[in-house]
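Any chance you could fold what I've pasted below:
(chains A and B)
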Amino acid sequence: MLREAKLLRPVGWGLLTGALLVPLAGAGRAAGFALAVAATGVVWRALQHGRAARIVADAAAAAHAIGNRLRSAADLNRRSLLIIAAAALIVAPLVLNNYVLDVLTLAWLYVVLALGLQITVGFTGLLDLGYAAFYAMGAYGYAIASTRLGLPFWAGLPLGALLAAACGVGLGVVTLRLRGDYLAIVTLGFIQIVHLVLNNWDSVTNGPNGILNVGRPRIGSFVFSDPAHFYYVTLAVAVVAIGVNSRVQSSRIGRAWMAIRDDEIAAEAMGVPTTRLKVLAFASGAAWAGVAGVCFAGKFAFVSPESFTFFESIVILAMVVLGGMSSIPGVVLGAVVIVVVPELLRGVQDYRMLVFGAALVLMMALRPEGLVRRGLPRRRLGTAT
Amino acid sequence: MFLQQLINGLTLGGVYALVALGYTMVYGILELINFAHGEIYMLGAYIGIIALGLFTALGWTEAAPGLSLIGAVAAAAVYCGAVGATMERLAYRPLRRAHRLAPLISAIGVSIMLQNVVMLTQGSADKVFPRLSDAPTTFAVAGATVSALQLWIVGVSAALMAGLTVLIRKTRLGLAMRATAQDPRMASLVGVPVDRVITATFVIGSALAAVGGVMVGLYYGVVNFFIGYVAGIKAFTAAVLGGIGNVPGAMVGGVVLGVLEGLGAGYISNEYKDVIAFVILILVLIVRPTGLMGEHVPDKV
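Numbers count the residues shown, from 1 in each chain, chains lettered A, B, ... in the order given. Okay, the predicted model is just below:
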């Protein structure tokens, strides 16, 4: 088993990375790190070969069988599960504390963002690294309108969406001719410029200090100020986003977008209006980001340039990739995982970013296609469509 | 003022060119934008400081400041070459067959890891570059001040770029690199050890970036774990400006960007000087995506 599993390899990697770490971290910590890497690698490899692998596989199969038995015993089908989940989500604020509610609210917010980016990257294949710029448009647009013009939240939502969508149209038109990596680079430059402007245009954006006292949503005299209120607001927006995206995915436009993703020239040859649809993809994705931005500003009542960086774009992109690009449940799951897991790691605060970076690398090395396999909309055969 | 900003710009431009070369070489061979390259530059600066610290403790810096500086640069280059090779082997090679986004996200992950490793082990405060001599020598040329350090940086950058050009044009490794960049599968069919060439590309690119890092550390006197991010984006802009994948283009792009930034900082505004780089980037990509010296690659149907 030793030779077959090539157990010496991880030891080698452990020693190498440990050696590289010595000048930075000193011999003691580097040695500890080397040991950790080697041990993890050895255990990982050992589990994939020989008896250990069989035990793990048997356990996994047994768990799967038990799950199936339980499901058929309770006679649960997909619809019932959804109803149970919906009930749990709606009842949640009554039983959970404010901290958990805040985390969940953030999760729903990022679900909206991830779904928007999914339109651009997942459906249409346009690699947008500057998505956070649209997020900023919505947030700052509403913040400025609210603090200077007294615009109410509910009017701010469509305003944010339109503002962001207009930017999306602009970016789309400008990048029409660019393919793949070049498109990514332009969007990267775009978010950098937006961030710099937000940081330096003091007269409008208040620079690094941000904008305070942004108006909270209100209906009549009732002001949304409780974490539970925002939980419902963001949950509602997320549900709408999921619904819209699902319908769009199986619609003509959605299929046209996916045709562009798979082979733009062939799509063009088949009559797909690629220009219009690419711009629409940018604008639609941007619109969702704008909506999310308004919600963000309304909840925290404060916006600052720090929340709208290239890194933010990457986090949202990671959610889409983790979720498997074109699978909506996958992307929702990806967003929730990426928001919730760092909260669970709060104890080791300093190492959070390091773990996130390592997680990105590992995720790509182990399962680049994401959590859920590429979910194509399923068609029922035998019915006219 | 023009001359002064020009000189400052040329100095920075040399460094941008060195870092840009790494980006362009890796893109030429793998079609991958190595986001972690900027962090290699940052690592080079830190290793330079650590090495110099070691030499000072050993008493070598007092005795031979020039040699110990060269030693520090060499140490940084070797170290970063090793990091680059490891990075390629662990984070990029397993993804050769995966979809286009996978290596990109992996690169971003590596970049975040490197930044945080340095922040956690070296602290988030600025780290000071040890002073080598007390009185920096300066010359006055036509109303502008040129420091010996600036001359040294420009000289070293030019020498390294010349060396790289010789390597690529005249040696077997260079030939192998060009072949792999042109068509990796064909190159492997005619016997080029593609994997080793790719590793060598990473090593050379990282070594160059490390030298750039040490020089910038000397120039500004302080470094912190975040310098890789901004410099990385600018160097990447330089590579795109010259035509990504094009080696002489990266050299030209670096110098041009440095000069433009120097002039912009002087004449337009110092705060927005970073914007200059990004605006140039976007303009170049919209107007001429292949860059100043790139070739137009037609879409094959």
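
what sits against A:V233?
A:P217, A:F224, A:C295, A:G298, A:K299 (CB atoms under 8 Å, 6 or more residues apart in numbering or on different chains). All C-beta atoms are positioned from the backbone trio N, CA, C, and that covers glycine.

Stretch B:50-62 and chain A in contact?
Yes: Stretch B:50-62 reaches chain A (CB under 8 Å from any CB of the partner chain) through B:I50, B:A51.

which residues touch that stretch?
Residues contacting stretch B:50-62 (CB under 8 Å, 6+ apart): A:P23, A:L24, B:L67, B:S68, B:L69, B:G71, B:A72, B:A75, B:A76, B:F129, B:P130, B:L132.

which two from those end up farthest apart in space?
Greatest spatial distance in the contacts of stretch B:50-62: A:L24 and B:L67, 24.1 Å, computed using CB to CB.

Look at those two and report which has more neighbours.
With neighbours defined as other CB atoms under 10 Å in any protein chain shown, A:L24 and B:L67 compare such that A:L24 has more, 18 against 12.

Count the residues that sit near the closest residue to that one other than its chain neighbours.
Computed as CB to CB, 6 or more residues apart in numbering or on different chains, the closest residue to A:L24 that is not its neighbour in sequence is B:T121, at 4.4 Å. Neighbour count for B:T121, taken as other CB under 10 Å: 16.

which helices and strands does the helix or strand harbouring B:T121 pack with?
Per DSSP states H and E: B:T121 is located in helix B:101-122. Here helix B:101-122 is seen to pack against helix A:8-48, helix A:310-322, helix A:352-366, helix B:37-58, helix B:227-242 when contacts are counted using 3 or more CB pairs under 8 Å, 6 or more residues apart in numbering or on different chains; DSSP states H and E.

and the angle for the fourth one with helix B:101-122?
Okay, so that is helix B:37-58. Here the directions of helix B:37-58 and helix B:101-122 differ by 30 degrees (axes from the mean of the first three to the mean of the last three CA atoms, to 10 degrees).

buried stuff in helix B:37-58?
Within helix B:37-58, the residues scored as buried using 16 or more other CB atoms under 10 Å in any protein chain shown are B:37-52, B:54-55.

just checking, A:A359 touches B:G109?
Yes: here A:A359 reaches B:G109: they are 7.3 Å apart, a contact under CB atoms under 8 Å.

did I read that right, A:L159 in a strand?
No: using DSSP: H, G, I helix; E, B strand; the rest coil, the secondary structure at A:L159 is helix, not a strand.

burial count for it?
By other CB under 10 Å, 17 other residues sit near A:L159.

if I pick it, what's in contact with it?
A:G141, A:Y142, A:A145, A:L151, A:V294.

Among those, pick out the one closest to chain B, please.
A:G141 (20.8 Å; CB to the nearest CB).

distance of that closest one from A:V173?
Relative to A:V173, A:G141 is positioned 20 Å away (CB to CB, to the nearest Å).

Please list the residues of the stretch 1-150 of chain A that sit near chain B.
Residues of the stretch 1-150 of chain A lying near chain B by CB under 8 Å from any CB: A:W13, A:L16, A:T17, A:L20, A:L21, A:P23, A:L24, A:A25, A:G26, A:R29, A:L127.

one more time with 6 Å, if that's ok
Proximity of the stretch 1-150 of chain A to chain B, by CB under 6 Å from any CB of the partner chain, involves residues A:L20, A:P23, A:L24, A:A25.

From those residues, which shows the smallest pLDDT?
Confidence by pLDDT is poorest for A:A25 among the residues of the stretch 1-150 of chain A next to chain B, given 79.

buried set for the helix or strand A:C295 falls within?
Applying DSSP H and E as the criterion places A:C295 in helix A:274-300. Of the residues in helix A:274-300, those buried under the neighbour-count criterion (16+ other CB under 10 Å) are A:274, A:277-300.

sorry, back to before: how about a markdown table for the contacts of A:L159, with secondary structure and pLDDT added?
Output for these, formatted as a markdown table (DSSP: H, G, I helix; E, B strand; the rest coil; pLDDT from 0 to 100):
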| residue | secondary structure | pLDDT |
| --- | --- | --- |
| A:G141 | helix | 92 |
| A:Y142 | helix | 92 |
| A:A145 | helix | 90 |
| A:L151 | coil | 86 |
| A:V294 | helix | 94 |
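
Which of those has the largest number of neighbours?
A:V294 (34 neighbours).

centre of the chain versus stretch B:25-41, how much separation?
From the chain centre to the centre of stretch B:25-41 is a distance of 10 Å (CA atoms, centre = their mean, to the nearest Å).

mind exporting it as CSV, just the C-alpha atoms?
Extracted in CSV, the C-alpha atoms of stretch B:25-41 (Å, rounded to 0.1, in the frame of the first residue of the first chain):
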residue,chain,number,x,y,z
MET,B,25,5.7,34.7,-20.0
VAL,B,26,3.3,32.7,-18.0
TYR,B,27,0.3,33.9,-20.1
GLY,B,28,2.2,33.1,-23.3
ILE,B,29,2.7,29.5,-22.3
LEU,B,30,-0.4,28.7,-20.2
GLU,B,31,-2.9,31.4,-21.1
LEU,B,32,-3.2,31.9,-17.5
ILE,B,33,-3.2,35.3,-15.7
ASN,B,34,-1.1,34.4,-12.7
PHE,B,35,-2.7,36.6,-10.0
ALA,B,36,-0.2,35.4,-7.5
HIS,B,37,2.7,36.9,-9.3
GLY,B,38,2.4,40.3,-7.5
GLU,B,39,2.8,38.4,-4.2
ILE,B,40,6.0,36.9,-5.5
TYR,B,41,7.4,40.4,-6.0
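
I would like the residues contacting that stretch, please.
Stretch B:25-41 has contacts (CB atoms under 6 Å, 6 or more residues apart in numbering or on different chains) with B:19, B:22-23, B:80, B:103, B:107-108, B:110-111, B:114-115, B:180-181, B:198, B:201, B:205-206, B:209, B:212-213, B:228-229, B:231-232, B:244-245.

cool, stretch B:217-230 as well?
With contact meaning CB under 6 Å, 6+ apart, stretch B:217-230 is reached by B:38-39, B:41-42, B:45, B:48, B:115, B:118-119, B:126-129.

what's the first-to-last distance across it?
End-to-end distance for stretch B:217-230, by CA to CA, to the nearest Å: 14 Å.

List the buried residues in it.
B:G217, B:L218, B:Y219, B:V223, B:N224, B:F225, B:F226, B:I227, B:G228, B:Y229.

remind me which residues of the stretch 51-200 of chain B are low pLDDT?
Where the stretch 51-200 of chain B drops to pLDDT under 70, the residues are B:132-136.

quick one, helices of it?
Residue ranges of the helices in the stretch 51-200 of chain B, as given by DSSP state H, counting those that start in this stretch, are B:60-63, B:65-87, B:101-122, B:148-170, B:172-182, B:184-189, B:194-220.

Could you identify which of these is most buried?
helix B:194-220 (a mean of 24; mean count of other CB atoms under 10 Å in any protein chain shown).
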